Structure formats: structure tokens, C-alpha cells
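Enquirer: Build me a model:
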Amino acid sequence: MKIVFDTYAWIEYFEGTKKGEKVEEYLKNNEIITPVIALLELSYKADKENWDFKEIFNFIKIHSKISGINEEFVLNFGRLYNKTKKEIKNIGFADIFVLNTALLDNAKVLTGDPHFSKLNNSVILED
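Expert: Residues are numbered from 1 along each chain as shown. Purely as a prediction, here's the structure:
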């Protein structure tokens, strides 16, 4: 199965939490996709927490496909953003970026972010 790891999933994994152990199972048994926006958020977190982001980034590049922006992504984004904002008022731009990645790759989103709990194509990490 294809799984899009959002920033939440990667943070749990790298912090070695109980949820991170669940993330590891997905990592071992699925095709993993990481949206570029998750890398940007991880870069910020790594700098703030004094993590070695180069090491983290190299790990992610080896264990997942990095998904960026193409024409189809851009053309789909605005419609998806507006539609989803009507259903989930406080969902953010980065969340829609992750969701759009998943939809275009026919994948599920692995996250602990409660915004995704109302969406059918998400797997919510729970304790």
C-alpha cells in the first residue's frame, strides 16, 4: 500500500515514541511517500531541536519517495483546498498539501493530526 508520511508521522518516528513504533511498521511494509512540505517542516523542527537534519533527510531519501509539485498538483490544489476548508474549517495549508499528495498518488496519509480524522484516506496514529 502507498502511504504518505506527514511531518507528524516522521517526528514520532525520529523521537522514538510509541506512535513512532507504529510508524516504523508502516515504514517496513509499505511504499512510503514524503511530501516536500514535510521536509521543510522537519528542517524547521530539526533546527529548533538541534537535530542533525542532514542525517534525517538522508534517511528519508533512502526510505521514501520525495513528492514535489507538478502541474497536476497545482491545478488540483485550489479546488481541494476550498472544498476541504468548507468541511474542516481550521485545516491548514500544509495539511492540504499533504492531502493533495496522497490523493494524486492514490495513497493514504499516516498522521496523528486530528484534522485528518474526518478524511477517508487517512490512518490516524493512536496510542
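Enquirer: what's in contact with the helix or strand harbouring Lys83?
Expert: In this structure, Lys83 is located in helix 71-87 according to DSSP states H and E. The contact list for helix 71-87, computed with CB atoms under 8 Å, 6 or more residues apart in numbering, reads Ile91, Phe93, Ile96, Phe97, Leu99, Asn100, Thr101, Leu103, Leu104, Lys118, Leu119. Placement of C-beta: from N, CA and C, glycine included.
Enquirer: and the two most separated of those?
Expert: With distance counted by CB to CB, no two of the contacts of helix 71-87 lie farther apart than Leu104 and Lys118, which are 19.8 Å apart.
Enquirer: where along this protein do the helices fall?
Expert: Under the criterion DSSP state H, helices of the chain are mapped to 7-15, 18-29, 36-49, 53-63, 71-87, 93-104.
Enquirer: rewinding a little: what angle separates the helix holding Lys83 from helix 93-104?
Expert: Here the directions of helix 71-87 and helix 93-104 differ by 120 degrees (axes from the mean of the first three to the mean of the last three CA atoms, to 10 degrees).
Enquirer: Could I get the CA-only coordinates of helix 71-87 as CSV?
Expert: The C-alpha coordinates for helix 71-87 follow below in CSV (Å, rounded to 0.1, in the frame of the first residue of the first chain):
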residue,chain,number,x,y,z
GLU,A,71,1.3,20.8,-13.0
GLU,A,72,-1.4,18.4,-11.9
PHE,A,73,-0.7,19.1,-8.2
VAL,A,74,-1.0,22.9,-8.8
LEU,A,75,-4.2,22.5,-10.9
ASN,A,76,-5.9,20.3,-8.2
PHE,A,77,-4.7,22.3,-5.1
GLY,A,78,-7.0,25.3,-5.1
ARG,A,79,-10.2,23.2,-5.7
LEU,A,80,-9.2,20.7,-3.0
TYR,A,81,-8.2,23.5,-0.5
ASN,A,82,-11.5,25.3,-0.9
LYS,A,83,-13.6,22.1,-0.7
THR,A,84,-11.8,20.8,2.3
LYS,A,85,-11.9,24.2,4.2
LYS,A,86,-15.7,24.1,3.9
GLU,A,87,-15.7,20.7,5.7
